[in-house]
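> fold the following and give me the result.
(one chain, ligands or ions: 1)
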Amino acid sequence: MVKKLRNKILAANWKMNLNRLEAFSLLQKISNMTIRENDKEIVFVPSVFLPMCEEVLTNSCVFYGAQNVYFEEKGAFTGELSITHISDFGARYALVGHSERRNIFGENSELLNKKLKGLLSHNITPVLCIGEPLKERENKTYEAFLYKQLKEAMVGICAEDAKKIIYAYEPIWAIGTGKTARPGDIKTTLEFIRNTLNYMYEGIKEEVYILYGGSVKKDNIDEIINTNHCDGVLVGGAALDFDSWNRIVNYEVK
Ligand code: PGA
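Numbers count the residues shown, from 1 in each chain. Here you go, the predicted structure:
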């Protein structure tokens, strides 16, 4: 039985949304939000808004991060941002392996592994996303699929570093679709991920944070976040509206 972790992580993934004015207004509201003392709130913004985050969120209790980063320090990588670029603007977190990066932009495990290592060496916390497509869920092969994703992403990463990573389970079929995994499935899958990490890194299971993501809304947050093994949530669409995000961050403890 895993000890109940005291605090939760509430992470917002804005994806490629909001214009400058909308982003500024939402960040200002977010900077004045109340949040439970031990919880952590992180917003993943389009990187062009990182300087705005630095301006608006620096004296607040809200952390922010980038949705994507390249692992090389500098050079001829047109269109990419380095880890130093984002950390220079105060980003302390970065998403790695979001299914949209894997599926639309063709990011493979080898690349994700390099990103994880680069971020860890710069003391930026990666949020490693894993999740199965519908076919794997229906065929009941999702455990093997998730294990492979984890194993490949973590090649050469030591236990000390593995503890620093935040893990996010986002079944692809639940992202942006309005379909949420059932609480029972969320619990067993998060538990599977925790046990898999423990198998890979003995004794790690009580120290890692594992989030759930995929159509988390203000109407289902209480049920999801109170599910055993759920250390928080990664929220897309419902994080773009302040009232909805505020309700999610102020979930009810059951
Ligand atoms: P969603 O996105 O909440 O809109 O389903 C979640 C995510 O992609 O991180």
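> make it CA atoms for all contacts and neighbour counts henceforth
Fine.
> interface residues of the stretch 101-250 of the chain facing the ligand?
Residues of the stretch 101-250 of the chain lying near the ligand by C-alpha under 6 Å from any ligand atom: 175-176, 213-216, 234-237.
> farthest pair within those?
Farthest pair in these (C-alpha to C-alpha) is 176 and 234. Separation: 11.9 Å.
> who has more neighbours out of those two?
residue 234 (25 against 16; other C-alpha atoms under 10 Å).
> buried only: go through the residues of the stretch 101-250 of the chain next to the ligand for me.
Applying a neighbour-count criterion of 16 or more other C-alpha atoms under 10 Å, the buried members of those are 175-176, 213-216, 234-237.
> overlap in contacts of residue 176 and residue 234?
Common contacts of residue 176 and residue 234 (C-alpha atoms under 8 Å, 6 or more residues apart in numbering): residue 214.
> in the stretch 101-250 of the chain, which spans are strands?
Under the criterion DSSP state E, counting those that start in this stretch, the stretch 101-250 of the chain contains strands at 125-130, 166-169, 209-213, 232-235.
> with distance to residue 41 added, can I get the ones you listed in a markdown table?
Formatted as a markdown table, these follow (distance: least, C-alpha to C-alpha, whole Å):
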| stretch | distance to residue 41 |
| --- | --- |
| strand 125-130 | 13 |
| strand 166-169 | 13 |
| strand 209-213 | 12 |
| strand 232-235 | 10 |
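> export the ones you listed to a markdown table and tack on mean pLDDT and distance to residue 156?
Formatted as a markdown table, the strands of the stretch 101-250 of the chain follow (pLDDT from 0 to 100; distance: least, C-alpha to C-alpha, whole Å):
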| stretch | mean pLDDT | distance to residue 156 |
| --- | --- | --- |
| strand 125-130 | 98 | 15 |
| strand 166-169 | 98 | 17 |
| strand 209-213 | 97 | 20 |
| strand 232-235 | 98 | 26 |
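> any idea which element residue 43 lies in?
If you go by DSSP states H and E, residue 43 is part of strand 40-45.
> ok, residues contacting that strand?
7-15, 35, 61-67, 94-95, 249.
> next SSE after that strand?
Counting by DSSP H and E, the next helix or strand C-terminal to strand 40-45 is helix 50-57.
> alpha carbons only: can I get that next one in PDB?
Taking Å, rounded to 0.1, in the frame of the first residue of the first chain, the C-alpha atoms of helix 50-57 are listed here in PDB:
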ATOM      1  CA  LEU A  50       7.300  32.700 -20.900                       C
ATOM      2  CA  PRO A  51       8.500  36.300 -20.400                       C
ATOM      3  CA  MET A  52       5.000  37.200 -19.500                       C
ATOM      4  CA  CYS A  53       4.900  34.400 -16.900                       C
ATOM      5  CA  GLU A  54       8.100  35.800 -15.500                       C
ATOM      6  CA  GLU A  55       6.600  39.200 -15.200                       C
ATOM      7  CA  VAL A  56       3.200  38.100 -13.800                       C
ATOM      8  CA  LEU A  57       3.900  35.000 -11.800                       C
END
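> and the angle for it with strand 40-45?
Per axes from the mean of the first three to the mean of the last three C-alpha atoms, to 10 degrees, the angle that helix 50-57 makes with strand 40-45 is 150 degrees.
> adjacent strands (with direction) for the helix or strand just after helix 50-57?
For helix 50-57, the following helix or strand on the C-terminal side (DSSP H and E) is strand 62-66. Here strand 62-66 has these sheet partners by DSSP bridges: strand 40-45 (parallel), strand 93-96 (parallel).
> hang on, the earlier thing: of the buried ones among the residues of the stretch 101-250 of the chain next to the ligand, the lowest pLDDT goes to which?
Note: of these, the lowest pLDDT belongs to residue 176, at 85.
> phi, psi of it?
For residue 176, the backbone dihedrals (degrees, to the nearest 10) come out as phi 70, psi 10.
> which residues does the closest residue to it other than its chain neighbours contact?
Using C-alpha to C-alpha, 6 or more residues apart in numbering and skipping residues adjacent in sequence, the residue nearest residue 176 is residue 215, 5.7 Å away. Residue 215 makes contacts with 174-180, 235-238, as judged by C-alpha under 8 Å, 6+ apart.
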